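Trainee: please work out how this folds:
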Amino acid sequence: MQFDEVYTRYFSDVYRYLLRLSGSEDTAEELASETFFRALGAIDSFRGECSLYAWLCQIAKNCFYSYAKKNGRVDPLDDETAATLADPRPGVEAAAITADDAARARQVLHTLPEPYKEVFLWRVFAELPFDEIGALFGRTANWACVTFHRARKMIIEKTEESK
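Mentor: Take a look at the predicted model:
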């Protein structure tokens with residue numbers, strides 16, 4: 001697959017992932033461009049241990065963390081904007097979260113320890129299967145599934161406590 005095909009196929013998915021992380025359309029667009037610029041320079045190092053999409057999301061996440069560290073706090077996306085920009089195919093768990101709980105859940109998500117927070121983000125926002133999430137951490141699909149469900153349980157419990 002040529003790199004322009006990779007860009008065409010995955011740009012909108014990477015953009016939506018970054019939009020969920022950053023809460024800003026401008027930031028997501030800037031970081032998506034940075035992601036593909038970095039990917040172009042590193043495409044020869046892609047070993048195929050995970051899907052190309054997972055690899056791009058890993059680069060995108062690193063771009064976001066670098067951006068957040070450099071620029072400080074990033075504002076979360078408000079529910080109304082998220083609803084208009086969300087992927088029309090709801091994610092596995094994203095479809096189950098009500099609009100009323102979404103803001104509380106986002107706040108709680110950012111308080112989770114690693115790897116729970118990251119596994120939850122990969123599963124819900126990047127919609128990666130458990131085997132690919134496990135591969136990103138050098139673990140099994142079962143580990144990713146258990147970690148995700150523990151993170152989900154923590155979010156539900158802490159969201160209920162904050163009501």
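
Trainee: pLDDT weak spots in the protein?
Mentor: 1, 72-103, 163 (pLDDT under 70).

Trainee: domains of it?
Mentor: With domains defined by automatic domain parsing, the chain comprises 1-87, 89-163.

Trainee: adding mean neighbour count, write these out as a markdown table.
Mentor: (Each C-beta comes from the backbone N, C-alpha and C, glycine too.) Shown next, in a markdown table, are the domains of the chain (neighbours: other Cβ atoms under 10 Å):
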| stretch | mean neighbour count |
| --- | --- |
| domain 1-87 | 16 |
| domain 89-163 | 17 |
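
Trainee: surely D13 and A54 touch.
Mentor: No - look at D13 against A54 with Cβ atoms under 8 Å: they stay out of range, at 10.9 Å.

Trainee: name the helices or strands packed onto the strand or helix carrying A144?
Mentor: Assigned by DSSP states H and E, A144 belongs to helix 141-161. If contacts are counted by 3 or more Cβ pairs under 8 Å, 6 or more residues apart in numbering; DSSP states H and E, helix 141-161 sits against helix 99-109, helix 116-124, helix 130-136.

Trainee: for S33, find the nearest of these.
Mentor: helix 116-124 (20.7 Å; Cβ to Cβ).

Trainee: what's that closest one in contact with?
Mentor: Applying Cβ atoms under 8 Å, 6 or more residues apart in numbering, the set of residues contacting helix 116-124 from outside is 20-21, 54, 57, 61, 91-94, 109-110, 112, 128, 130, 132-133, 136-137, 144, 147-148, 150-152, 154-155.

Trainee: rewinding a little: rebuild the helices and strands packed on helix 141-161 as JSON lines, extending it with distance to S66.
Mentor: Converted to JSON lines, those look like this (distance: least, Cβ to Cβ, whole Å):
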{"stretch": "helix 99-109", "distance to S66": "20"}
{"stretch": "helix 116-124", "distance to S66": "15"}
{"stretch": "helix 130-136", "distance to S66": "18"}
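
Trainee: so for E30, which of these sits nearest?
Mentor: Once the helices and strands packed on helix 141-161 are compared by Cβ to Cβ, helix 116-124 is nearest, at 19.4 Å.
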